[in-house]
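1. I would like the atomic coordinates for the input below:
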Amino acid sequence: MNVKSRRYLCIGVASLLLSSFISGCDQGGSEQALGVVERERITLTATANELIAALPIAEGSEIKQGQILVQLNQANQQAVVAKVSAQRDEAQAALSKLLNGERPEDIEQAKANLTNAQALLTDASKQYQRLKELVSRKLASPADLDNALAQRDAAQATYNAAQQNWKKLTQGYRQEDIDVAKAKLQAASEELKLQQQKLSELTVIATRDGILDSLPYHVGERVATHAVVAILQANSVPYARVYVAEPYIATLEVGGEVNVHVDGLDTVLKGIVRWISVEPAFTPYSSMSEQDRSRLVYLTEIDLPDAPARLPAGIPVQVDLE
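-> Below is the predicted model of the structure:
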């Protein structure tokens, strides 16, 4: 039976109980509240639109917290995790490069280029000085001096560029560049954690001890995101959901004890009222007579701490109100 059918069945049972109870009130009142045994139900949903790969546990089995109930196909998400992991590794490598600085071979090459540029500058400067003296003695033309000056200036520029390149390689990268690389690595690491979490959520596990009540889908079916794929009945204290008539509602209080009769049990169970609805089970008219008000019923939940451990949900109960 799928989830929708179960929901309609529960609504039908509640409607039948409510109708029966109101009919009893119409026939002169009832000193009992009618309802059924309930247990806390936990619905587990799919986090992705994937195929069901495995259902390792059968419906109706007792389960422990952490057991795998539904396994969704992981191939797509595993590929996403692998991609994000590679991006994280790339960010880590970029940061390591900035922190470690340039390769020693590149630094040595820059140093050699600086030495060569310095030698060329020295030679060009000496050549310029010689031509300058020759021009002053009328032994060389001014054009030769201009060419020597241009060569010296070019050599000076080459030397300055080589010197700046060598300083850059030996002093390392700017702190701002390192901070950017660290931020990119942090973002990639957090994204990897997120995708790994999504991968783990494709394995639907029991969040509490209890009984596997329903598996709405079969192996090979594709489920929609947020579709219910497993329903559990928790191993918690069962409780009774009953409808209490308006004339008796004032006699009940949260924490009070009542006698509960469960179909199939010879003993009377002690119940503890844990919740009383402040609204009636149907919307009243704006003006109601005393007889009309007596037909109002209020949904009430009553814990059954002494109930048998295997008492199933859905069994009819009657609660003594007097």
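2. So for the helix or strand hosting Ala157, what gets flagged as buried?
-> If you go by DSSP states H and E, Ala157 is part of helix 142-171. Residues 145, 148, 151-152, 155, 158-159, 162, 165-166, 169 are the ones in helix 142-171 that count as buried (16 or more other Cβ atoms under 10 Å). Backbone N, C-alpha and C define where each C-beta goes, glycine included.
3. Distance from the helix or strand just after that helix to the middle of the chain?
-> For helix 142-171, the following helix or strand on the C-terminal side (DSSP H and E) is helix 175-200. Its chain's average C-alpha position is 17 Å from that of helix 175-200, according to Cα atoms, centre = their mean, to the nearest Å.
4. how far out from the middle of the chain is stretch 136-147?
-> 82 Å.
5. could you give the mean pLDDT of it?
-> Confidence for stretch 136-147, expressed as mean pLDDT, is 85.
6. re the thing from before, for the helix holding Ala157, packing partners?
-> helix 104-136 (3 or more Cβ pairs under 8 Å, 6 or more residues apart in numbering; DSSP states H and E).
7. that older thread, quick one: the helix holding Ala157 to chain centroid distance?
-> Per Cα atoms, centre = their mean, the centroid offset for helix 142-171 relative to its chain is 61 Å.
8. Check stretch 59-78 too.
-> The answer for stretch 59-78 is 17 Å, by Cα atoms, centre = their mean.
9. contacting residues for Lys97?
-> Contact criterion Cβ atoms under 8 Å, 6 or more residues apart in numbering gives no residues in contact with Lys97.
10. Quick check: buried residues in whichever strand or helix holds it?
-> Per DSSP H and E: Lys97 is located in helix 75-100. Judged by neighbour count using 16+ other Cβ under 10 Å, the buried positions of helix 75-100 are 77, 80-81, 84-85, 87-88, 91, 94-95, 98.
11. same question, stretch 231-241
-> Result for stretch 231-241 [16+ other Cβ under 10 Å]: buried residues 231-235, 238-241.
12. Closest one of those residues to Ala48?
-> For the buried residues of stretch 231-241, the residue nearest Ala48 by Cβ to Cβ is Ile231; the value is 19.2 Å.
13. Do I have it right that that closest one meets Thr45?
-> No: with contact defined as Cβ atoms under 8 Å, Ile231 does not reach Thr45; the gap is 10.3 Å.
14. what about Leu185, neighbour count?
-> By other Cβ atoms under 10 Å, 20 other residues sit near Leu185.
15. What separation do you get for it and Asp89?
-> As defined by Cβ to Cβ, to the nearest Å, Leu185 lies at a distance of 10 Å from Asp89.
16. Now render the buried residues of helix 75-100 as JSON lines, adding distance to Gln71 and pLDDT.
-> Below are the buried residues of helix 75-100 laid out as JSON lines (distance: Cβ to Cβ, whole Å; pLDDT from 0 to 100):
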{"residue": "Gln77", "distance to Gln71": "12", "pLDDT": "97"}
{"residue": "Val80", "distance to Gln71": "18", "pLDDT": "97"}
{"residue": "Val81", "distance to Gln71": "17", "pLDDT": "98"}
{"residue": "Val84", "distance to Gln71": "22", "pLDDT": "97"}
{"residue": "Ser85", "distance to Gln71": "22", "pLDDT": "98"}
{"residue": "Gln87", "distance to Gln71": "27", "pLDDT": "97"}
{"residue": "Arg88", "distance to Gln71": "27", "pLDDT": "97"}
{"residue": "Ala91", "distance to Gln71": "32", "pLDDT": "96"}
{"residue": "Ala94", "distance to Gln71": "37", "pLDDT": "94"}
{"residue": "Leu95", "distance to Gln71": "37", "pLDDT": "93"}
{"residue": "Leu98", "distance to Gln71": "43", "pLDDT": "87"}
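17. could those residues go into JSON lines alongside distance to Pro56?
-> Putting the buried residues of helix 75-100 into JSON lines (distance: Cβ to Cβ, whole Å) gives the following:
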{"residue": "Gln77", "distance to Pro56": "19"}
{"residue": "Val80", "distance to Pro56": "25"}
{"residue": "Val81", "distance to Pro56": "23"}
{"residue": "Val84", "distance to Pro56": "29"}
{"residue": "Ser85", "distance to Pro56": "28"}
{"residue": "Gln87", "distance to Pro56": "34"}
{"residue": "Arg88", "distance to Pro56": "32"}
{"residue": "Ala91", "distance to Pro56": "38"}
{"residue": "Ala94", "distance to Pro56": "43"}
{"residue": "Leu95", "distance to Pro56": "43"}
{"residue": "Leu98", "distance to Pro56": "48"}
